[in-house]
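Enquirer: curious how this folds, go ahead:
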Amino acid sequence: MELNHRRLNRVDLIEVIGRVDAASAPQLKQLIESLFADGRYRIVLDLSRLEYISSPGLRVLIEARKKARDWKITDLEGGDIRIANLPPRIKEVFDLTGFSSLFEIYGDTVEAVGSF
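Expert: Got it, this is the predicted structure:
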């Protein structure tokens, strides 16, 4: 797995490339946790080049979503994990696990970043 991170004004963009499995999920978790430690709770995950995600990878996503959403500026504004460019194969996994209804999913990164 390869992770590319870009810090924007209000949002952090993480491109996830390759496979997120039991061996690589801790690397993704560590990057997200380091952003949280810096007070960065608005994250867009660009999954356009994600080939595979296992249950440990899904667990990282759901835990990050919960922690991000627990951070609030106001009742109407706070943190979140948003998904961009979900490949069809990974969308099937999201649909089967119920993740499609838990995450806001966008067709491109510009739209996802602009949603914050």
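Enquirer: just checking, what packs against the helix or strand containing residue 100?
Expert: Element membership of residue 100 [criterion: DSSP states H and E] is helix 99-102. Contact partners of helix 99-102 among helices and strands, from 3 or more C-beta pairs under 8 Å, 6 or more residues apart in numbering; DSSP states H and E: helix 55-70, helix 88-97. Just so you know, the C-beta spots here come from the backbone N, C-alpha and C atoms, and that holds for glycine as well.
Enquirer: and the next helix or strand past the one helix or strand residue 5 maps to?
Expert: Residue 5 is located in strand 2-7, with elements delineated by DSSP H and E. Using DSSP H and E, the helix or strand that directly follows strand 2-7 along the chain is strand 12-20.
Enquirer: ok, now which ones touch residue 64?
Expert: Contacts for residue 64 (C-beta atoms under 8 Å, 6 or more residues apart in numbering) come out as 29, 32, 43, 81.
Enquirer: ugh, wrong one, residue 40
Expert: So, once contact is read as C-beta under 8 Å, 6+ apart, residue 40 ends up touching 7, 12.
Enquirer: ok so, going back, in JSON lines: the helices and strands packed on helix 99-102, plus mean pLDDT.
Expert: Shown next, in JSON lines, are the helices and strands packed on helix 99-102 (pLDDT from 0 to 100):
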{"stretch": "helix 55-70", "mean pLDDT": "95"}
{"stretch": "helix 88-97", "mean pLDDT": "94"}
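Enquirer: fine by me, we can end here.
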